[in-house]
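Undergrad: I need the structure of the sequence given here:
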Amino acid sequence: MYIMTDDKEEILTSIAFSSGAQYRFPFANKEDLIYGPSYTMPEHRGSGYAVKLWEKVISCFEKDTKIVYATIRDDNSASIRCMEKSGFETVGKLKGNKITRAFSMDENGDHVLVKYER
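TA: Alright, predicted model coming up:
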């Protein structure tokens, strides 16, 4: 978990990461990372803090990490724009299984798959 705070130590935004080698993300392999969840405090949304935190975080990752994926609900246009500003590209649509929470590629899915590649 990575957190950006202000001068008063109040949280502005945060990002968590996990390994790509999970049953939930069959499109990723063990060298990949999964971005998310992330959260920006409502009063700081639209400020660019999430993009700034991402830029700092990606510079710290090992050189072996070449691909980072994120899944975003397709109705969350603000998060999709944020990811695009951060250098991610949309690569497809996903459908989540409500029981296992695993994702599968599905052009009628309700999530967008975005990918960052070094």
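Undergrad: contacting residues for Ala16?
TA: With contacts defined as CB atoms under 8 Å, 6 or more residues apart in numbering, the neighbours of Ala16 are 1-2, 36-38. All C-beta spots, glycine's among them, are computed from the backbone N, C-alpha and C.
Undergrad: Out of the residues you listed, flag the one nearest to Glu89.
TA: Taking CB to CB as the measure, Glu89 lies nearest Gly36 of the contacts of Ala16, at 16.1 Å.
Undergrad: in which helix or strand would I find that closest one?
TA: Assigned by DSSP states H and E, Gly36 belongs to strand 33-40.
Undergrad: By average pLDDT, which secondary structure element in this protein comes out worst?
TA: Taking mean pLDDT, DSSP states H and E as the measure, the helix or strand of the chain with the lowest value is helix 49-60, at a mean of 89.
Undergrad: Pull out the buried positions in that helix.
TA: Going by neighbour count (16 or more other CB atoms under 10 Å), the buried part of helix 49-60 is 49-51, 53-54, 57-58.
Undergrad: can you redo those residues as JSON lines with distance to Ser77?
TA: Compiled in JSON lines, those are given as follows (distance: CB to CB, whole Å):
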{"residue": "Tyr49", "distance to Ser77": "18"}
{"residue": "Ala50", "distance to Ser77": "14"}
{"residue": "Val51", "distance to Ser77": "15"}
{"residue": "Leu53", "distance to Ser77": "20"}
{"residue": "Trp54", "distance to Ser77": "18"}
{"residue": "Val57", "distance to Ser77": "23"}
{"residue": "Ile58", "distance to Ser77": "23"}
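Undergrad: Among the contacts of Ala16, which one has the most neighbours?
TA: Ser38 (20 neighbours; other CB atoms under 10 Å).
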